[in-house]
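Visitor: what would the 3D arrangement of this be:
(chains A and B)
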Amino acid sequence: MTRSEFLAKHGFMAAAIISAAVTLAIFIFMALLGYPILTSGRLFAALLGAWQPTLQSYGILPMITGTFILAILAVAAAFPVCLGCAALVSDAAPGLVGRFLHAVVRMMTGIPTVVYGFVGIFVLVPLMREVFGRGSGFSLLTAALMLALLVSPTMILLFCDSFRRVTHSYRQAAAALGATTAQQFLYVVLPQARNGILAGVLLGLGRALGDTMIALMLAGNAVAFPDHLFDSARTLTAHIALIIAADFDSPEFRTLFLCGLTLYVLTTLLVLGVRLTMRLPGRRP
Amino acid sequence: MMRHAFKLFHVWVWGSTFLLLAATGTVIGFLLVRGWAGIGQELVFGETPVLAALMLQRPVFDGLFPAMVGTLALVMLSVGMALPVGLATGIYLAEYATGRLSSLLSLFFDILAGMPSIVVGLFGFSITIFLHHRFSGKIYPCLFISALSLAVLVLPYLIRTTQAALEAIPVDLRLIGPSLGATRFQNIFHVLVPHSLKSILSGILLAIGRCAEDTAVIMLTGVVVSAGIPKSIWGNFEALPFYIYYVSAQYTDAGELTRGYGAAIILLLLCAFLFGISFWLQHRLSQRMFERV
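Guide: Numbers count the residues shown, from 1 in each chain, chains lettered A, B, ... in the order given. Below you'll find the predicted structure:
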């Protein structure tokens, strides 16, 4: 191996190590700054307690609950629509219409999150206030609907991919037996694409959990356990954005890093989950 | 009965698609209808003469110019930082790494790609605190820290697009270099990378779009509402997405609201432009591959 070869190889390797180290560094930095809470013996109180600053209780459980409810609502609302849209692109209207829609959905991934939030404040919030006549319009439901729109492109593209991977001869076999497009899709494509659909849902969940702006702008940010859909709620992400202005070394401030670590762990679990679904044995007909 | 159920299938798929397009159309249409009237020279430069503003001789107070310059500076700095590392890592993954190491590295980059941007922002914020306490009390959240954090955010995109572009190169092309006596590095540098330049470029455009639109990261690392044109990378700065957020949360008069709509339209068009070119490049590429086969 010549000298330049050696340098090139190790240069590329160094870059890869730096990139991987960054992933670890994010965790380490947050763990270091959250260290006082992690070792104070009040970790469980901080994770699972209520947020009552007057009682010196700074638990982030309301935010964890808010994050989960919001993300699950958003994905649940988006799921049937995304599945239908992906079915149209891959099966019901392949060809020009499908290709056009696919391009539109890809472009949708580029719409800035803050634009969704901005339009949400001026269109969806007043609409929800008028239609349901309860509260200010800043609610779980409002944020969940906007978030559903945000995660849709991600889910649709993954669904489309997994539908497209279904072996073409299976579809042809079903068609030869006289199956309609609907029957082909429901009995052949859908069961075959099960793993891909699961992966799409998990990735959609990841995007919904990690989004800051929509929750911050539309969910109302009240620190309490939401009772119903029209209640205001605060997510972990919005909590970080809201508390950052507080002064250093206060107890509120320390909880930020606990929120960050929680989000980090959730992300890691979801990524591992997606990898696992990819490895699951596919169903054979 | 069953036949009716299958008819519902078409209602469902077309209905879902219509719903999705209608919702997206409402978002974009609302912005354009409300904000289009405000688009013009005044939106960007306010009362300041255009030439004087562009030459940075006179500050712009009631226009988007400082925010646009801030976003531009931010994008250039962060992509500039992420690009060398991202490209090299992508090349390493595609051409050198094997087996266990490769899959371990991929896991790291998958996690990094899924990381919520606010967590990356918090990371940047932690770095600031660390540097502030350890090295110099003069270090505060600033343009440099924001750009560094955004570089971390887009790093996995650059790695993945580079890796995918290189791995898509057909074997015959891959073997030409070595068959002529080229070393591995020569082959990468003279054949493989030039060949996949277009798809790498499309990844870079996506990364630029991601840098320009992200709000959560810069919110935690030094963006402010009014800072003027950034004077140094150690100072505060303005940016379009943060301005949009600020206006939606606490606008005080109609003028500010108009500028908010304007900023949203500009950001939307910028991202649409970047994503459009990027997809067009990829599309052309995939078509060319079909022709080759």
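
Visitor: where does pLDDT dip in the stretch 1-150 of chain B?
Guide: Counting by pLDDT under 70, the stretch 1-150 of chain B has low-confidence residues at B:1-3.

Visitor: quick one, helices of it?
Guide: Using DSSP state H, counting those that start in this stretch, the helices of the stretch 1-150 of chain B run over B:2-35, B:41-45, B:50-54, B:65-91, B:99-114, B:117-134, B:143-167.

Visitor: make a markdown table from these and add distance to chain A to it.
Guide: All C-beta atoms are positioned from the backbone trio N, CA, C, and that covers glycine. Converted to a markdown table, the helices of the stretch 1-150 of chain B look like this (distance: least, C-beta to the nearest C-beta, whole Å):
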| stretch | distance to chain A |
| --- | --- |
| helix B:2-35 | 3 |
| helix B:41-45 | 16 |
| helix B:50-54 | 25 |
| helix B:65-91 | 3 |
| helix B:99-114 | 4 |
| helix B:117-134 | 4 |
| helix B:143-167 | 6 |
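
Visitor: please identify the most buried of those.
Guide: Comparing those by mean neighbour count (mean count of other C-beta atoms under 10 Å in any protein chain shown), helix B:143-167 comes out on top with a mean of 24.

Visitor: show me what that one is packed against.
Guide: If you count contacts as 3 or more C-beta pairs under 8 Å, 6 or more residues apart in numbering or on different chains; DSSP states H and E, helix B:143-167 packs onto helix A:3-33, helix B:65-91, helix B:99-114, helix B:117-134, helix B:197-213, helix B:216-220.

Visitor: immediately after that helix, which helix or strand?
Guide: Beyond helix B:143-167 on the C-terminal side, the first helix or strand identified by DSSP states H and E is helix B:171-179.

Visitor: I'd like the distance between the spatially closest residue to residue A:216 that is not a sequence neighbour and residue A:213.
Guide: The shortest distance from residue A:216 to any non-neighbouring residue, by C-beta to C-beta, 6 or more residues apart in numbering or on different chains, is to residue A:238 (4.1 Å). Between residue A:238 and residue A:213 the computed distance is 9 Å (C-beta to C-beta, to the nearest Å).

Visitor: ok, back up a step: quick check: which of the helices and strands packed on helix B:143-167 is nearest to residue A:64?
Guide: Among the helices and strands packed on helix B:143-167, helix B:117-134 comes nearest to residue A:64, with 14.6 Å by C-beta to C-beta.

Visitor: how far does that closest one sit from its chain's centre?
Guide: Centre-to-centre, helix B:117-134 and its host chain are 21 Å apart (C-alpha atoms, centre = their mean, to the nearest Å).

Visitor: so that helix versus helix B:197-213, what angle?
Guide: Interaxial angle of helix B:117-134 relative to helix B:197-213 (axes from the mean of the first three to the mean of the last three C-alpha atoms, to 10 degrees): 70 degrees.

Visitor: from chain B, how far off is the most centrally placed residue in chain A?
Guide: Nearest to the geometric centre of chain A sits residue A:207, at 2.1 Å (C-alpha atoms, centre = their mean). Residue A:207 is 8 Å from chain B, where distance means C-beta to the nearest C-beta, to the nearest Å.

Visitor: that residue reaches residue A:150, doesn't it?
Guide: Yes. Contact criterion C-beta atoms under 8 Å: residue A:207 and residue A:150 qualify, at 7.0 Å.

Visitor: helices along the stretch 51-200 of chain A, start to end?
Guide: A:61-87, A:96-108, A:113-119, A:125-132, A:140-165, A:168-176, A:181-183, A:190-192, A:194-210.

Visitor: looking at these, which is nearest to residue B:204?
Guide: Nearest of these (C-beta to C-beta): helix A:96-108, 17.0 Å.
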